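1. quick one, fold the following:
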Amino acid sequence: MIFNSEERLIRKAQSGSNKAWLALVRQHEKRLYNQCIRLLRHPDDALDVMQETFISAYQGLNKFDGRSQLHTWLFRIAYNKAAEHFRRHREHQSIDSVAEPSSNVLHMERPLMQAQQNQQIVEHLAKLPFEQRVVVEMKFFQHCTFEEIAQQLDVSPNTAKTRLYAALGRLKPQLEVNDG
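-> So this is what the prediction gives:
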C-alpha cells in the first residue's frame with residue numbers, strides 16, 4: 001500500500017502499523033542524524049541519540065497531536081536526549097572526536113579547502129556552550145525563526161536571540177583569524 005502524506009503515515013503508525021513507522025523513520029533519519037552530529041560532534045554519540053530519539057518517539061507516538069510538524073517534534077526529543085547525553089559525557093568529549101571529511105571530497109583542491117573550512121567551523125561550534133550551539137544549529141541549519149526556537153527550547157524569544165548573539169560573538173574572533 002502506498003501512502004500519500006506524512007499525516008496518513010502518522011495515523012497508520014499510531015494505529016500500530018510498523019510499515020508506516022519505518023517509512024517515517026526513513027523519511028527523517030538523515031536529517032535527525034545531521035542535527036545530532038552537529039549538536040554532539042561525534043558520529044557514535046549522534047547515532048546513539050538518534051536511536052534513543054526514535055525509540056522515545058515510537059513509545060510516545062500516540063501523544064503526537066499534529067500541532068507541529070513531525071520533524072519539529074522529533075528535533076525536540078533529540079534536543080532533550082542530546083542535552084542529557086551532553087551532561088553525562090561533557091568531560092569525556094574532545095575536538096579530536098569530530099568526524100573527518102570524506103576521502104571522496106579530498107580529491108580536488110577546492111573541495112579540500114571547503115572541507116577544511118567546514119571542519120574549522122565544526123571545531124569552533126564544538127567549543128560553544130551546549131545551549132548556544134543548539135540555537136546556532138536551529139537558526140542556521142534548520143532555518144527556524146526565533147519564535148520556533150523559543151517554543152522548541154521552552155525559552156523566551158529574547159533568550160533565544162541572546163544565546164545566538166552570544167554564540168556569534170564567541171565565534172567571530174576565531175572565524176576572522178581564519179579568514180586573514
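2. contacting residues for Leu32?
-> In this structure, Leu32 makes contact with Met50, Thr53, Phe54, His71, Leu74, Phe75, Ala78, judged by C-beta atoms under 8 Å, 6 or more residues apart in numbering. (C-beta placed from N, C-alpha, C; glycine too.)
3. how near is it to Gln14?
-> When C-beta to C-beta, to the nearest Å is the yardstick, Leu32 and Gln14 sit 19 Å from each other.
4. taking the centroid of the protein, which residue is nearest it?
-> Among the residues of the chain, Gln35 comes closest to the average C-alpha position under C-alpha atoms, centre = their mean, at 1.8 Å.
5. tell me which element that residue falls in.
-> Secondary structure assigned from DSSP states H and E places Gln35 in helix 18-40.
6. contacts for stretch 134-149?
-> With contact meaning C-beta under 8 Å, 6+ apart, stretch 134-149 is reached by 34-35, 38-39, 72, 75, 79, 82-83, 125, 128, 152-153, 155, 157, 160-161, 163-164, 167-168.
7. any quick PyMOL command for the buried ones out of these?
-> Selecting the buried subset of those in PyMOL, with 16 or more other C-beta atoms under 10 Å as the burial test, is done by:
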select buried, resi 35+38+39+75+79+82+83+125+128+152+153+155+160+161+163+164+167+168
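8. C-terminal to the worst-scoring helix or strand of the chain on mean pLDDT, what's the next element?
-> Scoring the helices and strands of the chain by mean pLDDT, DSSP states H and E places helix 109-126 at the bottom, with a mean of 60. Remark: after helix 109-126, the chain's next helix or strand is helix 130-136, criterion DSSP H and E.
9. where in this protein is pLDDT low?
-> When the per-residue scores of the chain are filtered using pLDDT under 70, the ranges that remain are 1-4, 90-120, 175-180.
10. and this structure, what are its domains?
-> Following automatic domain parsing, the chain resolves into domains at 1-92, 106-180.
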